[in-house]
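[1] Sequence and predicted structure below; questions after.
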Amino acid sequence: MKLLQRLQNSRNALGLAFMLPAAVLLLLFLTYPLGLGTWLGFTDAKVGRGGAWIGLENFEFLVGDSVARLALFNTLFYTVIASIAKFVLGLWLALLLNKNLPFKSFFRAVVLLPWIVPTALSAIAFWWIYDAQFSIVSWVLVKLGLVDRYVDFLGNPWNARLSTIVANVWRGVPFVAISLLAGLQTISPSYYEASAIDGATPWQQFRHVTLPLLSPIIAVVMTFSVLFTFTDFQLIYVLTRGGPLNSTHLMATLAFQRAIPGGALGEGAALATLMVPFLLAAIMFSYFGLQRRAWQQGGDK
Amino acid sequence: MSDVNRRRFLEGTAGLATLGTGALWAPDASAQAPAYKPEKGAKLRVLRWSRFVQGDIDAYMVNVKRFTEKTGIEVRVDNEGWEDVRPKAAVAANTGAGPDIILSTNDDANLYPDKLLDVTDLCEYLGRKYGGWYPACEAYLRPDGKKWIGVALGATGSLVVYRESLVKAAGFDSFPKDTDGFLKLYKALAAKGTPGGMALGNATGDSGWCHWLLWAFGGAIVDKDNKVTLDSPATLKALEYAKELYASFVPGTLSWLDPNNNKAFLDGQISITNNGISIYYAAKNSADPKVKELAADINHAAFPIGPVGVPTEYHLFFNQMIFKYTKYPQAAKEFLRFMMEQEQFDPWLQGAGGYVAQPLRAYEKNAVWTVDPKHTPYRDSVKNLRPAGYAGRLGYASAGALADFIVPNMVAEAGSGSKTPKEAMERAQKRAERYYKV
């Protein structure tokens, strides 16, 4: 009994005890699957058959595989272009929403809609928009006499890449915009007043007040945005399944295709594991690159 | 039945079949049903694909209910989209827990044959009683020629669906039977401004016509010894053909997934495509009078025969697997036996409205194939079917190559001109070799 009482009075023991449930959950549902996935990447596991350790064979195979290389290119292209577009549009939207508009809260709520709608649902909407025969966009363009035949949005490799990026941007902008808006509202108006008295133009205010003070938020938001984009799956799966000619296959969709329908669990896991270095690089970049502006919070860099 | 007897039996049936007296097939009442003794307190869980046509599910569930009434065995049936059954079945096989019986597709059973209950006695009994299994069933489910690892359920035929009036207007009184005539028809339809099209995107079901094309010209992914043979003059011929065919397609087929051709056809935008009977079914049951009218103009035809001279059709094949981990193997076998017997299978085939073709010859007589002459072409879907891994062994390599869309990608690349036929073929050869190296 004495021991129990002592434990109950020990801050450290209690701290550990309270952390235990969270730690168990994390280990069970996060660390274990991640570890298992990585391990599978080094085996020749097939669906329905346990694998034996084969070292780097899967990775060697993937390096020489033209479809996997194409998927890597597609993923990088998709992530870079979509992230830049989301950042620019999101920041612009945030600045607009930060102004004193009529029905301000209504607009802020509406902007969030694309983000709230389940991805699969919005992907199906885009699937109709891009349909080879029923596209509303093509229909309007044809009626206006701007094009004489339906645009092959998803049938031409480059069209398909850009079309999927547009759909991704449409979906991802609200997250960036609302998060940056929250950041904007933490900037004290006194900075703007002071700079206005000094005769700063709106651009100078943006460049020297808004942007530096917003950069920590930007770092966090863009890290998340890049991670979401890099690991996108649903949108591609609904719109193209990686087609045409595998030109929109992302690493995530290809990993799934190889692992589950294709049965090559080990290879799919290896492909998924190959994403980790890129994701780490993205995190490192935002951590070291953008967070360096810590002097704004009183650091002395 | 010993192997020797079986062979003699098959020879006998083949002889009869060549006489063209299909009507001779009546269930052989003398076939002794294996006496399965369902375990006490047995309960079964069945996972099956759904749902192309509601009639299939309704008729299936009526049969399940009858089974429960007759045996007292409770059966729970879960439905999933057919592409989702595949990973679930694999996980069940992997972990050794899950549904007792899974109805799945294509070469799934060949991925984990050692996790499946041997159903040789059941299949031999059914084959004996119902006029024998089609060769494709054995290719899929009796890989070593001895042991059955699953019970064939049938296949959903993917045939040519066309508008009769438009084909006539293009100058064809009957549907062409060979690949040359087929190409001429496509060209004529395009010239008339009523083109057709078939899916060339990563469509899991409807891109299967690419396999037909490859085989029709004598090509194949692999030979009997699983040696990759894509890089061949036959493949080249098939791809040259694909190039001409694609030129007459409606724009956009490179992006087509499974539903696109259905939508375009029902909207009257294309005159010909490939599909299951579902387009016709949807048109016939449509609430829209204009679409309903279309049904009268729809007809079906088997895929034309190429230079190889035999049908080379690709269809989605359905199997029924009992997993070894089941606690009630006897009950599970009894369930499958019950479902495959004429009293149950006949109404089920009818319920499916021609969507599923039978695996056993005796069911060729089922009324569903004659009640509407437009159903008839789908009758022979299993008969004319080639497994996707033709002509090699089925397993991980064939499943992987199929899931990676190697053949459809090759046809799409060559057809659309993004690569020359030779380049597309060489690339496909390399891609296939990676799967077949192990």
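    That came through, no problem. Just so you know, these numbers come straight off a predicted model, no measurement behind them. Numbers count the residues shown, from 1 in each chain, chains lettered A, B, ... in the order given.

[2] Domain boundaries for chain B, per the record?
    Here chain B is described, according to automatic domain parsing, as comprising the domains B:3-157+B:315-375, B:159-313+B:404-436.

[3] most packed of these?
    The highest mean neighbour count among the domains of chain B belongs to domain B:159-313+B:404-436 (a mean of 20), with neighbours defined as mean count of other Cβ atoms under 10 Å in any protein chain shown. All C-beta spots, glycine's among them, are computed from the backbone N, C-alpha and C.

[4] what does the stretch 51-200 of chain B have sitting close to chain A?
    Proximity of the stretch 51-200 of chain B to chain A is assessed by Cβ under 8 Å from any Cβ of the partner chain, with B:83, B:86-87, B:90-91, B:93-94, B:111-112, B:115, B:200 identified as the residues in range.

[5] try 6 Å this time
    Applying Cβ under 6 Å from any Cβ of the partner chain, we find that the stretch 51-200 of chain B lies next to chain A at B:87, B:90, B:93-94, B:111-112.

[6] Which of these fall in helices?
    Counting by DSSP state H, these place B:87, B:90, B:93-94 in helices.

[7] how about CSV for these, with pLDDT added?
    Below are these laid out as CSV (pLDDT from 0 to 100):
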residue, pLDDT
B:87, 83
B:90, 85
B:93, 87
B:94, 80
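
[8] now the chain, which segments are flagged as low pLDDT?
    Let's take chain A. Low-confidence segments of chain A, defined by pLDDT under 70: A:1, A:48, A:289-301.

[9] wait, I meant chain B there
    Across chain B, residues meeting the criterion (pLDDT under 70) sit at B:1-27, B:29, B:438.

[10] Name the residue of it that lies nearest to chain A.
    The minimum distance from chain B to chain A, using Cβ to the nearest Cβ, falls at residue B:252 (2.4 Å).

[11] So residue A:151 is in contact with residue A:138, correct?
    Yes - between residue A:151 and residue A:138 a contact is recorded at 4.8 Å, counting by Cβ atoms under 6 Å.

[12] Dump the C-alpha coordinates for stretch B:183-195 into CSV.
    In CSV, the C-alpha atoms belonging to stretch B:183-195 read as follows (Å, rounded to 0.1, in the frame of the first residue of the first chain):
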residue,chain,number,x,y,z
LEU,B,183,-12.2,-2.6,-88.5
LYS,B,184,-14.2,-1.8,-91.7
LEU,B,185,-17.3,-1.4,-89.6
TYR,B,186,-15.6,1.0,-87.2
LYS,B,187,-14.2,3.0,-90.1
ALA,B,188,-17.6,3.1,-91.8
LEU,B,189,-19.3,4.3,-88.6
ALA,B,190,-16.8,7.0,-88.1
ALA,B,191,-17.2,8.1,-91.7
LYS,B,192,-20.9,8.4,-91.1
GLY,B,193,-20.3,10.6,-88.1
THR,B,194,-21.5,8.0,-85.7
PRO,B,195,-18.2,6.7,-84.3
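
[13] Centre of the chain to that stretch, how far?
    Relative to its parent chain, stretch B:183-195 has a centroid offset of 28 Å by Cα atoms, centre = their mean, to the nearest Å.

[14] same deal with stretch B:47-67?
    Going by Cα atoms, centre = their mean, where stretch B:47-67 is centred and where its chain is centred differ by 18 Å.

[15] Now do the contacts for residue 79.
    By default, I'm working from chain A. Residue A:79 is in contact with A:229-230, counting by Cβ atoms under 6 Å, 6 or more residues apart in numbering or on different chains.

[16] Wait, chain B was what I had in mind.
    residue B:50.

[17] so which strand or helix has it?
    Take DSSP states H and E as the rule and residue B:79 turns out to sit in strand B:74-81.

[18] Tell me which strands that strand pairs with, and in which orientation.
    Note on strand B:74-81: by DSSP bridges, its sheet partners are strand B:43-50 (parallel).

[19] Against which helices or strands is the very next helix or strand once past the strand it pairs with packed?
    Moving toward the C-terminus from strand B:43-50, the first helix or strand encountered (DSSP H and E) is helix B:54-71. Packed against helix B:54-71 by the contact rule (3 or more Cβ pairs under 6 Å, 6 or more residues apart in numbering or on different chains; DSSP states H and E) you find strand B:74-81, helix B:342-351.

[20] Let me have the ones you listed in JSON lines, adding distance to residue B:143 as columns.
    Listed next are the helices and strands packed on helix B:54-71 as JSON lines, based on distance: least, Cβ to Cβ, whole Å:
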{"stretch": "strand B:74-81", "distance to residue B:143": "25"}
{"stretch": "helix B:342-351", "distance to residue B:143": "24"}
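
[21] Any idea which of these gets closest to residue B:138?
    Nearest to residue B:138, of all the helices and strands packed on helix B:54-71, is helix B:342-351, at 18.7 Å by Cβ to Cβ.

[22] Measure how the closest one sits relative to helix B:54-71, angle-wise.
    Orientation note: helix B:342-351 sits at an angle of 160 degrees relative to helix B:54-71 (axes from the mean of the first three to the mean of the last three Cα atoms, to 10 degrees).

[23] From the contact counts, what lies against helix B:342-351?
    helix B:54-71.

[24] again, 8 Å this time
    The elements that helix B:342-351 packs onto, with contact taken as 3 or more Cβ pairs under 8 Å, 6 or more residues apart in numbering or on different chains; DSSP states H and E, are helix B:54-71, helix B:329-340.

[25] Need the residues that contact that helix.
    Contacting residues not belonging to helix B:342-351 are listed as B:27, B:55-56, B:58-60, B:62-63, B:66, B:130, B:154, B:338-339, B:356, B:358, B:362-363, B:366-368, B:371 [Cβ atoms under 8 Å, 6 or more residues apart in numbering or on different chains].

[26] swap the cut-off to 7 Å and go again
    The set of residues that contact helix B:342-351 without belonging to it, under Cβ atoms under 7 Å, 6 or more residues apart in numbering or on different chains, is B:27, B:55-56, B:58-60, B:63, B:338-339, B:356, B:358, B:363, B:366-368.

[27] what do you get for stretch A:137-148?
    With Cβ under 7 Å, 6+ apart as the contact definition, stretch A:137-148 has outside contacts at A:129, A:150-151.

[28] Give me the subset of those lying in strands.
    Among the contacts of stretch A:137-148, no member is found in strands (DSSP state E).

[29] Redo those as JSON lines? Include neighbour count and distance to chain B.
    Compiled in JSON lines, those are given as follows (neighbours: other Cβ atoms under 10 Å in any protein chain shown; distance: Cβ to the nearest Cβ, whole Å):
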{"residue": "A:129", "neighbour count": "18", "distance to chain B": "13"}
{"residue": "A:150", "neighbour count": "20", "distance to chain B": "6"}
{"residue": "A:151", "neighbour count": "20", "distance to chain B": "9"}
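
[30] Thought residue A:83 was touching residue A:225, still the case?
    Yes - taking contacts as Cβ atoms under 7 Å, residue A:225 lies within contact range of residue A:83: 5.7 Å.

[31] now for whichever strand or helix holds residue A:274, which elements pack on it?
    Per DSSP H and E: residue A:274 is located in helix A:265-284. When contacts are defined as 3 or more Cβ pairs under 7 Å, 6 or more residues apart in numbering or on different chains; DSSP states H and E, helix A:265-284 packs onto helix A:32-41, helix A:57-63, helix A:211-230, helix A:251-259.

[32] just those: most buried one?
    Among the helices and strands packed on helix A:265-284, highest average neighbours (mean count of other Cβ under 10 Å) belong to helix A:251-259, with a mean of 25.

[33] Wondering if it reaches chain B at all.
    Yes - against chain B, helix A:251-259 shows contacts by Cβ under 7 Å from any Cβ of the partner chain at residue A:257.
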